[in-house]
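Engineer: turn this into a model:
(2 chains)
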There are 2 protein chains.
Amino acid sequence: MPTVSRRGLLGSGVAAAGVAGAFAAGRVTGEEDATAGAPSSYPFRGERQAGIVTPAQDRLHFAALDVTTDDRAELVDLLQRWTDAAERMTQGRPAGPVGPTQGSIYAPPDDTGEAIGLPPSRLTITFGFGPSLFVDEHGRDRFGIADRKPAALEPLPHFSADMLEPARTGGDLCIQACADDPQVAVHAVRNLVRMGFGTTAVRWSQLGFGRTSTTSTSQDTPRNLFGFKDGTANIKAEDAALLDDHVWVADGDDPKADWLVGGSYVVTRRINQTIEVWDRQPLGDQQDFIGRTKDTGAPLSGGSELTEPDFGVQGSDGPIIPRDAHVRVVHPEYNDGLRILRRGYNFVDGTDAIGGLDAGLFFIAYLRDPRTHFIPLQRTMAAHDALMEYLRFTGQAVFAVPPGTAAGEHVGQALFA
Amino acid sequence: MPTVSRRGLLGSGVAAAGVAGAFAAGRVTGEEDATAGAPSSYPFRGERQAGIVTPAQDRLHFAALDVTTDDRAELVDLLQRWTDAAERMTQGRPAGPVGPTQGSIYAPPDDTGEAIGLPPSRLTITFGFGPSLFVDEHGRDRFGIADRKPAALEPLPHFSADMLEPARTGGDLCIQACADDPQVAVHAVRNLVRMGFGTTAVRWSQLGFGRTSTTSTSQDTPRNLFGFKDGTANIKAEDAALLDDHVWVADGDDPKADWLVGGSYVVTRRINQTIEVWDRQPLGDQQDFIGRTKDTGAPLSGGSELTEPDFGVQGSDGPIIPRDAHVRVVHPEYNDGLRILRRGYNFVDGTDAIGGLDAGLFFIAYLRDPRTHFIPLQRTMAAHDALMEYLRFTGQAVFAVPPGTAAGEHVGQALFA
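Structural biologist: As a prediction, the model looks like this:
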């Protein structure tokens, strides 16, 4: 079936209400894409937020925002408007009800227009709330929600090799937009940022040009900028029990934060890779650092990409998967069985100060509790992982990601109820 | 026909020579892509460099480099190795003859590996030579080519509203990589930069996520971040006479620079768009600034997108296409008939200092002579164009783009012969 495009809808002169009706009747949401066998769009509303276990789209625009008002009603009103806009845009419709070209010539359009004619592109928009939304840097409870702050939602500690830039760290709110087309992801973030003018300001934002993980067994494993397959052992959408154990916040996890049940936490880390140095390492060393072969991604202990590594296999000079190999250091077997859902993206942001590329991995992980699922893992990695020599951590943030939004509600409604 | 992938080739264990043979027999180059009806790859060698009139691909990685040696032989050797690598990569093969995973484990691979498994993605790689390659900032002729420097190849002058950052301006060499897949474009630039280690260093680089022009009548017109169609009136690959008049350097244009005949010049300008301010302008004002409607892209004087604007049509308050409308100010009718071939890309590079998006258009134009085809046009635009209020020029460069590379030659061979 052909993908319904913004251009087609707008060009036909259908009034906004009519368009909404057409979409509500299922003309786009849930339709199959003829070429890929996947839905051509994902609904914004549902039990969970989309963009977590959704098969990772190829392109990312992630933004962290600060709230510039102390007025709770203004913030709630923005969340309501963001919800409406996210619902529209994920269906391939404009950010506002009128659209980029159908309104009065005497008023600014309620959509900026650069996505006219582009299909929904499997856009997902995922919102999160940072620690500073609950208690700001001055200790203030600006929005009357401090007593609902999850105990797990604290700024991440300093880790070894962190070179965090304040302008790339933290944030009161986050918006993750993933799509097949970067112009659609950028359009979504830009229009949400625009709607927040006077209420929020962008603290930092990051584009990612290529996914580095699979979140569904239906996907091929992509490669990171070290040239290796990444995300082979990721939790997948199909692993319902693992998701319940390691990703979704469960009833009873935090009595103060019932509003987060069914949601998750997202940790982001901007990881510069010293790719010029990496590229001068022998192939065998690169494989030893990772613990997998570069071609198929099989563990050095043998088999194929999906074979479990066997850490007991000995080579001529110790274990064939070295003790500091990345795959061993972060493996659940050595980390109390813990798992995370990774959803990172490769980035290149121009040039660094010494004539190399400012490039790396924008790490995104969804997990049930940063205290148990991320901080110990990162400490272990910082202390023992051979890859650390080739990584520089330049930004990080953590957000609580509320559950999905039901019909008639706005994102995070239970928090502000 | 299925697209031949790097993964398929490598996985089959075919030796490098065998792969080359397969490609030489036409297994990829020139093949038709089943879904799009366009070739799935473009050959690097030919009468002209690819990436100029080639139908503009969706993604860009552009790099400007400085040469860090004074040794002419080293520079020529690099151009030879770049030529070989560009030929391989545009065919979907690795940067080096051995590849990312087939070599000794005791040596660094000759390809970085992140494009394993990805198809050619219509990659084009286009090289250019900047003014400072011929005469450096200290007036030195490092490579014995000062007497072959084209008279037209001078650093661009300062224009009104220029806020040029030195770290985004100039360069001895340039590499433009365009592809359907950004990971393929990034892989190409990264591997060429890597090969230049010790001979060149990156001065600046720029990713573009979405094309803003059409260079073939077979393409739809895309939209820039003002939300308007861009590039409607561009010169197209099919306009052979216009290309000869306005893009390709002709025999006799510059007796000192015979080596450039059949080539071109490329001008790049990093144009930040103040999109937050733009987004607050009424729809009618936006359309008046551009001189076209936002929905179909038709001139305000009527018709459809491809209708020629009629600047004589009067409205109730002067010409219906205002005197400072972009389409009028830069129209050939008011600029001695001159035309350029635009090939720009939208970019978002994170966040600016005041909580907006660091976003805009990376302008790329190919033209026959910057003195006649760019400088006067930019001066006119700077003085008269209504859009100027919403633009900040943060970087620029100019390069001479040699003609295509014949079999057995390296790019720019005639310059160094």
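
Engineer: what residues are up against residue A:319?
Structural biologist: By C-beta atoms under 8 Å, 6 or more residues apart in numbering or on different chains, the contact list for residue A:319 reads A:311-313. For the C-beta atoms, the positions are set from N, CA and C on the backbone; glycine is no exception.

Engineer: just the pLDDT at it, thanks.
Structural biologist: Listed pLDDT for residue A:319 reads 97.

Engineer: swap in residue A:266?
Structural biologist: Here, the pLDDT recorded for residue A:266 equals 98.

Engineer: run the chain-centre distance for whichever strand or helix holds it.
Structural biologist: For residue A:266, the host element (DSSP states H and E) is strand A:264-273. For strand A:264-273, the separation from the chain centroid amounts to 9 Å (computed by C-alpha atoms, centre = their mean, to the nearest Å).

Engineer: go on, stretch A:332-339?
Structural biologist: Taking the mean of its C-alpha atoms, stretch A:332-339 sits 22 Å from the chain's own mean (C-alpha atoms, centre = their mean).

Engineer: residues contacting it, please?
Structural biologist: Residues lying outside stretch A:332-339 but in contact with it, judged by C-beta under 8 Å, 6+ apart, are A:235, A:242, A:245-246, A:311, A:328, A:372-373, A:376-377, A:380.

Engineer: for chain B, what's its nearest residue on the stretch 51-200 of chain A.
Structural biologist: Chain B sits closest to residue A:113 of the stretch 51-200 of chain A, with a gap of 2.4 Å, by C-beta to the nearest C-beta.

Engineer: shouldn't that residue be within a strand?
Structural biologist: No. Read with DSSP: H, G, I helix; E, B strand; the rest coil, residue A:113 is coil and lies in no strand.

Engineer: phi, psi of it?
Structural biologist: Per-residue torsions, residue A:113: phi 100, psi -10 (degrees, to the nearest 10).

Engineer: list the contacts for the nearest residue to it once chain neighbours are set aside?
Structural biologist: In space, residue A:113 comes closest to residue B:227 once its chain neighbours are excluded; the distance is 2.4 Å by C-beta to C-beta, 6 or more residues apart in numbering or on different chains. Going by C-beta under 8 Å, 6+ apart, residue B:227 touches A:100, A:109, A:111-114, A:116, B:286, B:294.

Engineer: what's the closest of those to residue B:85?
Structural biologist: Of all those, residue B:85 sits closest to residue A:114, with 34.6 Å by C-beta to C-beta.

Engineer: need the pLDDT of that closest one.
Structural biologist: Looking at residue A:114, its pLDDT stands at 97.

Engineer: do residue A:214 as well
Structural biologist: In this prediction, residue A:214 carries a pLDDT score of 89.

Engineer: my guess is it meets residue A:235, correct?
Structural biologist: No. Distance between residue A:214 and residue A:235: 10.0 Å, which falls outside the contact criterion (C-beta atoms under 8 Å).

Engineer: give the buried residues for stretch A:406-417.
Structural biologist: Residues of stretch A:406-417 classed as buried by neighbour count (16 or more other C-beta atoms under 10 Å in any protein chain shown): A:410-416.

Engineer: then it to PDB, C-alphas only?
Structural biologist: The C-alpha trace of stretch A:406-417 is given here as PDB (Å, rounded to 0.1, in the frame of the first residue of the first chain):
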ATOM      1  CA  ALA A 406      -4.100   7.100  27.100                       C
ATOM      2  CA  ALA A 407      -6.800   8.800  25.000                       C
ATOM      3  CA  GLY A 408      -7.800  12.100  26.500                       C
ATOM      4  CA  GLU A 409      -4.700  12.400  28.600                       C
ATOM      5  CA  HIS A 410      -1.400  14.200  28.200                       C
ATOM      6  CA  VAL A 411       2.000  12.800  28.600                       C
ATOM      7  CA  GLY A 412       3.000  12.600  32.300                       C
ATOM      8  CA  GLN A 413      -0.600  13.300  33.400                       C
ATOM      9  CA  ALA A 414      -0.400  10.900  36.400                       C
ATOM     10  CA  LEU A 415       2.600  12.900  37.700                       C
ATOM     11  CA  PHE A 416       0.700  16.200  37.700                       C
ATOM     12  CA  ALA A 417      -2.700  14.700  38.600                       C
END
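
Engineer: so in chain A, where's the weakest helix or strand by average pLDDT?
Structural biologist: The weakest-scoring helix or strand in chain A, judged by mean pLDDT, DSSP states H and E, is helix A:16-24 (a mean of 31).

Engineer: that helix: what's the following helix or strand?
Structural biologist: That would be, after helix A:16-24 and using DSSP H and E, strand A:59-67.

Engineer: quick one: that following strand to strand A:264-273, angle?
Structural biologist: For strand A:59-67 against strand A:264-273, the angle by axes from the mean of the first three to the mean of the last three C-alpha atoms, to 10 degrees is 110 degrees.

Engineer: tell me which other helices or strands the next helix or strand after strand A:59-67 touches.
Structural biologist: Tracing the chain C-terminally past strand A:59-67 and defining elements by DSSP H and E, one meets helix A:72-90 next. Other helices and strands packing on helix A:72-90, by 3 or more C-beta pairs under 8 Å, 6 or more residues apart in numbering or on different chains; DSSP states H and E, are strand A:124-129, helix A:182-195, helix A:413-416.

Engineer: now the second one against strand A:124-129, angle please.
Structural biologist: Which is helix A:182-195. 40 degrees.

Engineer: pLDDT (mean, whole number) over helix A:182-195?
Structural biologist: In the prediction, helix A:182-195 has an average pLDDT of 97.

Engineer: and that helix, anywhere near chain B?
Structural biologist: Yes. Where contact is defined by C-beta under 8 Å from any C-beta of the partner chain, part of helix A:182-195 touches chain B, namely A:182-183, A:186, A:189-190, A:193-194.

Engineer: and the nearest residue to residue A:157 once chain neighbours are set aside, how many residues sit next to it?
Structural biologist: The shortest distance from residue A:157 to any non-neighbouring residue, by C-beta to C-beta, 6+ apart, is to residue A:375 (6.6 Å). Residue A:375: 18 surrounding residues under other C-beta atoms under 10 Å in any protein chain shown.

Engineer: relative to residue B:72, how far out is residue A:375?
Structural biologist: To residue B:72, residue A:375 is 55 Å away according to C-beta to C-beta, to the nearest Å.

Engineer: of the contacts of residue A:319, buried ones?
Structural biologist: If you count burial by 16+ other C-beta under 10 Å, the buried members of the contacts of residue A:319 come out as residue A:311.

Engineer: for the stretch 251-400 of chain A, list the residues in contact with chain B, please.
Structural biologist: A:275-276, A:279-284, A:286-287, A:293-296, A:346, A:348-351, A:354-357, A:359.

Engineer: what about 6 Å?
Structural biologist: By the rule C-beta under 6 Å from any C-beta of the partner chain, the part of the stretch 251-400 of chain A lying against chain B is A:279-280, A:282-284, A:294-295, A:348, A:350-351, A:355.

Engineer: now the two most distant members of these.
Structural biologist: Using C-beta to C-beta, those span at most 32.1 Å, a distance reached by A:284 and A:350.

Engineer: quick one: which of the two has more around it?
Structural biologist: Applying other C-beta under 10 Å to residue A:284 and residue A:350 shows that residue A:350 carries more neighbours, namely 18 against 14.

Engineer: surely that one is in a helix?
Structural biologist: No. Residue A:350: not assigned to a helix; according to three-state DSSP it is strand.

Engineer: isn't it right up against residue B:203?
Structural biologist: No. With contact defined as C-beta atoms under 6 Å, residue A:350 does not reach residue B:203; the gap is 10.5 Å.

Engineer: just give the closest residue to residue A:159, not the sequence neighbours.
Structural biologist: Closest to residue A:159 by C-beta to C-beta, 6+ apart is residue A:382, at 4.8 Å.
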